[in-house]
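Asks: sequence and computational prediction follow.
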Amino acid sequence: MKKYVFPGSFDPITLGHQDIIERALPLCDSLIIAVGENNDKKYMFSLQERIDFITNTFNNEPKISVDSYNGLTVNFCVKHKATAILRGLRNPADFEFEKNIAQVNGRLSGIDTVFLLTAADHSYISSGIVREIMSHNGDYYSLVPKAVKK
Ligand code: ADP
């Protein structure tokens with residue numbers, strides 16, 4: 001059984017995340033979207049809001065479950081017997097950052113990371129840009145799933 005974990009802040013989930021998730025589904029038997037809660041990080045949306053946006057976006061998809069965690073991603077993955085970690089890549093900066101993390105995670109847990117490249121029309125979307133648009137009352141609707149509301 002292939003069990004993927006897609007960890008992230010999802011503050012909030014965007015069409016970029018949604019695209020990675022939907023394209024990963026045929027590759028695995030189940031997918032846990034793991035919403036990180038880091039006490040040192042300031043979020044725009046509460047943990048519950050971030051979880052609700054995701055749950056409402058994928059409520060008809062039986063392979064997907066949504067959970068939250070704090071601490072090391074690999075500890076969550078080992079606890080849930082994940083067979084792979086899923087991450088998305090938008091650009092070379094993502095690659096440089098993700099490469100080290102994936103190698104350390106592999107070393108710590110033996111769990112490999114599967115990378116999917118962003119779809120070209122989503123490569124410029126990030127949660128940070130969405131938050132910036134939201135905080136200036138801009139039109140963010142074309143960048144996020146319908147469930148996301150400011
Ligand atoms: P983190 O704080 O862990 O980076 P994010 O929620 O920002 O959490 O991102 C989670 C994952 O989604 C990362 O692998 C990131 O590269 C990927 N991702 C974010 N935006 C996009 C996008 N537009 N296209 C593809 N992947 C994306």
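Replies: Ah, there it is.
Asks: near the ligand, which residues of this protein?
Replies: 8-10, 14, 16-17, 20, 87-88, 90, 94, 118, 122, 125-127 (CB under 6 Å from any ligand atom). C-beta here means a position set from N, CA and C on the backbone, and glycine is covered the same way.
Asks: neighbours around residue 66, how many?
Replies: 21 (other CB atoms under 10 Å).
Asks: ok, now residue 98?
Replies: 17.
Asks: so it makes contact with residue 87?
Replies: Yes: here residue 98 reaches residue 87: they are 5.5 Å apart, a contact under CB atoms under 8 Å.
Asks: give me the common contacts of the two.
Replies: Common contacts of residue 98 and residue 87 (CB atoms under 8 Å, 6 or more residues apart in numbering): 113, 115.
Asks: tell me how far residue 25 lies from the ligand.
Replies: Residue 25 sits 15 Å away from the ligand, going by CB to the nearest ligand atom, to the nearest Å.
Asks: contacting residues around that residue?
Replies: So residue 25 contacts 31, 61, 63, 64 (CB under 8 Å, 6+ apart).
Asks: if we use 10 Å, what do you get?
Replies: For residue 25, the contact set (CB atoms under 10 Å, 6 or more residues apart in numbering) comprises 4, 31, 58, 61, 63, 64.
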